[in-house]
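Colleague: Sharing a model prediction with you, sequence too.
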Amino acid sequence: MSNIPETGRTQRVTIRLVILQILVVSLLLTLGGRLWYLQIRDGQQYTAEAASNNIQNVVAPAVRGSILDDHGVPLADNQTKLVVTVNRTDMMQMKDDGKAVLTRLAGVLGMSYQDIADQVRLCDAHTPRPCWNGSPFQPVPITDKATSQQALEIMERREDFPGITAQPTAVRHYGSPSGASAAQVLGYLSPVTDQEIQASMKNGQPTLERSDQVGRSGLEHTYDSELRGKNGVTRYQVDNRGRVIGNAGDTPAQPGNDLVTSLDSRVQALTEKDLNQAMKEARTTYDPVTHENFKADSGAAVVMDVHTGQVIAMASEPTYDPNEWVGGISEKDYQALTDPSSDYPLLNRAIQGQSAPGSTFKVISTSAAAQAGYDLGASDYPCTSSFSIGNQVFHNDENESYGDISIGRALEVSCDTVFYRLAYDQWLKDGGNNPKSPKDWFYKTAHEFHLGETTGIDLPGEVGGRVPDRQWKKDYYQAMKKSWCAQAKTGKHDYSTDIAREDCADGYMMRAGDSVNYAIGQGDTLVTPIQEAMIYSAIANGGTLYQPTIGKAVVSADGKNVAPIQPKAVGKLPDSQATLKYIDNALAGVITDGTAEWKFGGWPQNKITLHAKTGTAEVYGKQTTSWFSTYTKDYAIVMTISQGGTGSGGSGLAVRDIYNHLYGVQSNGSIDASKAMMPSPQVALPKIDTDGLVSQAAYDVPGPDAFANSLEGGSSGADAGSLTALEPDRHQKLPFGRRYQT
């Protein structure tokens with residue numbers, strides 16, 4: 001018998017029951033609260049998510065807008081190709097996962113089963129390319145190179161090819177009108193990455209789809225959002241096994257806008273051809289310094305409207321075919337484009353190639369001298385064969401001596417020693433090795449010309465060059481001191497180690513040698529061809545620096561909305577009009593009585609005044625870089641060739657040939673207006689009809705071999721061949737290439 005009283009036992013049971021009741025009530029309240037939270041507070045969200053589990057979207061890519069030249073000629077558009085696609089959903093419903101069907105398809109297309117199977121499999125972290133990174137419900141493209149016979153065989157034998165389609169589809173196409181590649185300017189497309197999809201999130205939803213192609217370089221990249229358009233979506237109802245059971249609605253695709261550019265396909269083709277020919281000619285020319293022919297490994301050229309900064313042509317060598325990227329570039333082709341032996345054709349050397357400018361920089365040194373108070377009217381500046389600072393001797397080109405001359409004459413004959421003395425004298429006035437509040441006119445002026453910074457051209461990847469002023473010297477010294485001093489300790493006595501030894505000791509100082517080399521565009525100064533075109537255009541137009549542009553207008557697919565891209569002035573040169581006139585006259589003298597005279601004999605200077613500055617930049621360990629910067633009242637043309645020789649020798653005839661074609665200048669110096677390719681810059685936009693079609697100006701568009709080339713055989717002139725005069729009042733309809741129905 002228990003000694004516990006009956007009342008105590010009852011109390012304990014009661015307490016336990018109360019606790020149990022509390023627990024039960026608490027659990028019920030928790031469960032009820034959770035149900036309220038899920039069904040009432042966030043009910044709509046979860047209902048939508050549950051519904052979305054039963055809906056799968058299939059994207060219909062928007063047709064990409066065209067890139068047009070200044071007369072409406074397509075540089076990049078869309079070409080209808082027969083694209084063969086595989087529906088993965090249909091394949092997965094087959095007993096063998098579609099292996100038999102894909103094997104038959106491989107036989108028709110001349111491919112292997114494995115090639116097709118690899119393209120159809122889904123991408124993940126462990127699956128190598130090729131694979132499909134789009135929606136598993138999206139038809140997977142296998143090839144866009146199917147022939148009509150192959151497509152017909154697939155579509156006629158539908159019972160043998162379930163889930164396979166072969167239909168016309170719009171595919172990006174770079175047509176090279178007149179032979180104009182413009183590869184680095186146009187750029188190319190490639191599939192979007194997961195990182196880009198995440199970065200495109202807006203209001204919780206990505207604006208990019210896995211099936212999208214995006215611009216990777218050039219105008220395709222800069223204007224990607226305008227060109228891409230808006231994808232369409234077809235929504236399918238699916239069951240829990242992924243089988244389609246119905247249609248939940250469609251959203252039609254909206255085609256992208258078109259981009260009208262300032263490029264002229266004829267001038268672009270001519271510029272590319274002349275740059276390439278000049279490089280070939282350089283490779284047959286003997287270099288008396290290295291005792292071998294010039295290598296001419298790369299080059300660039302720019303043709304610019306001096307009144308707007310709009311680029312009419314931009315060439316870069318070596319180049320490539322942008323169509324190699326269409327449909328996905330092969331591993332072999334990609335390796336060929338990126339191998340060091342290729343000289344990197346993907347680089348746009350007009351905006352990414354930077355080198356010392358050589359004597360083309362002397363227009364800035366002349367401006368600096370004027371600002372520093374040197375008399376431009378004086379004619380007592382000694383042009384001796386050499387100039388010495390301590391035990392260092394700085395030579396004039398070929399040790400030429402012209403006696404006492406003006407600064408303008410020094411520009412004409414490119415006398416280095418005149419500019420050496422100006423820079424050294426100013427260095428002394430600034431305090432020499434012990435500067436106190438230096439004026440630094442030569443460096444300040446370069447910044448006023450907007451050197452050392454990007455021009456802001458509407459192309460990605462532009463570099464800004466370099467002005468090696470005092471601040472740069474200090475920063476560079478801090479970055480390189482450890483490396484220099486380590487090299488100096490090796491005890492070697494070669495050129496590189498001797499320089500490292502000097503820089504280890506006082507590399508932060510602005511030495512006299514730095515200043516005199518800088519004044520003639522040597523040393524650590526770096527510029528790009530687009531910067532030179534911007535500067536020489538400003539000299540031509542009276543001092544206004546325009547931001548270079550290629551895009552001229554964005555046009556909606558229906559042609560109803562046209563958004564012009566207006567020229568933008570970004571600064572003024574620091575020169576007075578008198579100084580600009582002085583430089584202008586001197587640069588005209590370069591053509592008639594200076595370093596370019598031997599290449600421009602017979603040029604009609606009294607009718608089309610041409611101004612120029614030659615440059616031959618020395619690069620340690622390489623042959624000289626050829627620079628030739630020119631302008632007329634309409635155009636600035638800049639050409640540079642790495643390891644290409646002298647300025648006029650390497651690039652002179654090529655630049656002259658471009659001017660010949662622009663103005664219709666014949667080999668005897670006469671002007672035939674009927675053969676002038678572009679006697680003045682194209683200002684108006686192409687005519688755009690209300691249905692969105694562009695009316696292309698009816699000039700003849702010759703092939704790349706139709707241009708007469710004055711470089712061959714050393715002729716100084718050129719015939720425009722089959723080119724006819726522009727007839728603005730005659731037009732023919734040219735449909736926008738991207739308006740294909742898919």
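Modeller: Received, thanks.

Colleague: Can you give me the distance of residue 633 to residue 147?
Modeller: According to Cβ to Cβ, to the nearest Å, residue 633 and residue 147 sit 53 Å apart. Every C-beta, even on glycine, is put in place using the N, C-alpha and C of the backbone.

Colleague: pretty sure residue 431 is touching residue 439, no?
Modeller: No. Between residue 431 and residue 439 there is no contact under Cβ atoms under 8 Å: 9.8 Å.

Colleague: all strands for the stretch 301-450 of the chain, in order.
Modeller: Along the stretch 301-450 of the chain, counting by DSSP state E, counting those that start in this stretch, strands occupy 311-317, 381-383, 386-389, 392-395, 403-405.

Colleague: now, of these, which is deepest in the fold?
Modeller: strand 311-317 (a mean of 28; mean count of other Cβ atoms under 10 Å).

Colleague: so what pLDDT did the residue nearest to residue 285 when sequence neighbours are not counted get?
Modeller: Once flanking residues are discounted, residue 285 sits nearest to residue 294: 5.4 Å by Cβ to Cβ, 6 or more residues apart in numbering. For residue 294, the pLDDT comes out at 97.

Colleague: for the chain, which spans come out with low pLDDT?
Modeller: Scanning the chain for pLDDT under 70 picks out 1-8, 37-53, 57-59, 134-135, 239-245, 690-692, 695-742.

Colleague: By residue count, tell me the biggest strand in the chain.
Modeller: Assignment by DSSP state E gives strand 74-86 as the longest strand of the chain.

Colleague: Could you name the helices and strands sitting against that strand?
Modeller: strand 67-68, helix 99-109, helix 113-120, strand 140-143, helix 148-156, strand 164-173 (3 or more Cβ pairs under 8 Å, 6 or more residues apart in numbering; DSSP states H and E).

Colleague: With just CA atoms, put stretch 380-400 into PDB.
Modeller: Taking Å, rounded to 0.1, in the frame of the first residue of the first chain, the C-alpha atoms of stretch 380-400 are listed here in PDB:
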ATOM      1  CA  ASP A 380      66.600  82.800 -84.800                       C
ATOM      2  CA  TYR A 381      66.000  79.400 -83.300                       C
ATOM      3  CA  PRO A 382      69.100  77.300 -84.100                       C
ATOM      4  CA  CYS A 383      68.500  74.100 -86.000                       C
ATOM      5  CA  THR A 384      71.800  72.400 -85.500                       C
ATOM      6  CA  SER A 385      72.700  68.800 -86.200                       C
ATOM      7  CA  SER A 386      72.800  67.900 -82.500                       C
ATOM      8  CA  PHE A 387      72.300  69.300 -79.000                       C
ATOM      9  CA  SER A 388      74.200  68.400 -75.900                       C
ATOM     10  CA  ILE A 389      73.200  68.300 -72.200                       C
ATOM     11  CA  GLY A 390      76.300  67.400 -70.200                       C
ATOM     12  CA  ASN A 391      77.800  64.300 -71.800                       C
ATOM     13  CA  GLN A 392      74.500  63.300 -73.500                       C
ATOM     14  CA  VAL A 393      74.200  64.200 -77.200                       C
ATOM     15  CA  PHE A 394      70.800  64.500 -78.800                       C
ATOM     16  CA  HIS A 395      70.900  64.300 -82.600                       C
ATOM     17  CA  ASN A 396      68.700  65.700 -85.300                       C
ATOM     18  CA  ASP A 397      67.300  63.300 -87.800                       C
ATOM     19  CA  GLU A 398      70.100  62.200 -90.100                       C
ATOM     20  CA  ASN A 399      72.200  65.000 -88.400                       C
ATOM     21  CA  GLU A 400      70.600  67.600 -90.600                       C
END
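
Colleague: And the helices and strands packed on strand 74-86: which comes nearest residue 264?
Modeller: When the helices and strands packed on strand 74-86 are compared by Cβ to Cβ, strand 67-68 sits nearest residue 264, at 11.0 Å.

Colleague: Give me the residues contacting that closest one.
Modeller: 74-77, 186, 219-220, 223, 227, 258-261, 686, 694 (Cβ atoms under 8 Å, 6 or more residues apart in numbering).

Colleague: Farthest-apart pair in those residues, please.
Modeller: Longest span within these, Cβ to Cβ: 220 and 686, 20.1 Å.

Colleague: Between the two, point out the one with more neighbours.
Modeller: Each of residue 220 and residue 686 has its neighbours counted (other Cβ atoms under 10 Å); residue 220 has more, 28 against 22.

Colleague: Distance from the helix or strand hosting that one to the middle of the chain?
Modeller: If you go by DSSP states H and E, residue 220 is part of helix 218-222. Counting by Cα atoms, centre = their mean, to the nearest Å, helix 218-222 is centred 7 Å from the centre of its parent chain.

Colleague: next one: whichever strand or helix holds residue 473 to chain centre, how far?
Modeller: Per DSSP H and E, residue 473 falls inside helix 470-488. Mean-position distance between helix 470-488 and its chain equals 32 Å (Cα atoms, centre = their mean).

Colleague: One more: stretch 669-685?
Modeller: 28 Å.

Colleague: Show me where the stretch 251-400 of the chain has its helices.
Modeller: 265-282, 331-338, 349-352, 362-371 (DSSP state H, counting those that start in this stretch).

Colleague: so of the helices and strands packed on strand 74-86, which one's packed in deepest?
Modeller: strand 67-68 (a mean of 28).

Colleague: Distance check, residue 659 against residue 603.
Modeller: 8 Å.

Colleague: what residues do these two have in common as contacts?
Modeller: In contact with both residue 659 and residue 603: 610, 665, using Cβ under 8 Å, 6+ apart.

Colleague: who's more crowded, residue 431 and residue 439?
Modeller: residue 439 (16 against 13).

Colleague: what sits against the more buried one?
Modeller: 372, 426, 429-430.

Colleague: again, but for residue 397
Modeller: Residue 397 sits next to 414, 416, 616 when contact means Cβ under 8 Å, 6+ apart.

Colleague: Please identify the nearest residue in space to the most centrally placed residue in the chain, excluding sequence neighbours.
Modeller: Compute the mean C-alpha point of the chain, and by Cα atoms, centre = their mean the closest residue is residue 218, 3.8 Å away. By the measure of Cβ to Cβ, 6+ apart, the closest residue to residue 218 outside its immediate chain neighbours is residue 187, 2.4 Å from it.

Colleague: cool, residue 112 as well?
Modeller: Residue 112 sits nearest to residue 106 (Cβ to Cβ, 6+ apart), 5.7 Å away.

Colleague: Was I right to think that neighbour contacts residue 113?
Modeller: Yes. Using Cβ under 8 Å, residue 106 makes contact with residue 113 at a distance of 4.7 Å.

Colleague: how about the helices of the stretch 401-550 of the chain, start to end?
Modeller: Under DSSP H, counting those that start in this stretch, the stretch 401-550 of the chain gives helices at 407-413, 416-429, 441-448, 470-488, 495-506, 512-519, 529-541.

Colleague: Pick the most deeply packed of those.
Modeller: helix 529-541 (a mean of 26).

Colleague: what sits against the closest residue in space to residue 548 that isn't next to it in sequence?
Modeller: Excluding the flanking residues, the one nearest residue 548 by Cβ to Cβ, 6+ apart is residue 457, at 4.2 Å. Residue 457 makes contact with 311, 351, 530, 547-550 under the criterion Cβ under 8 Å, 6+ apart.
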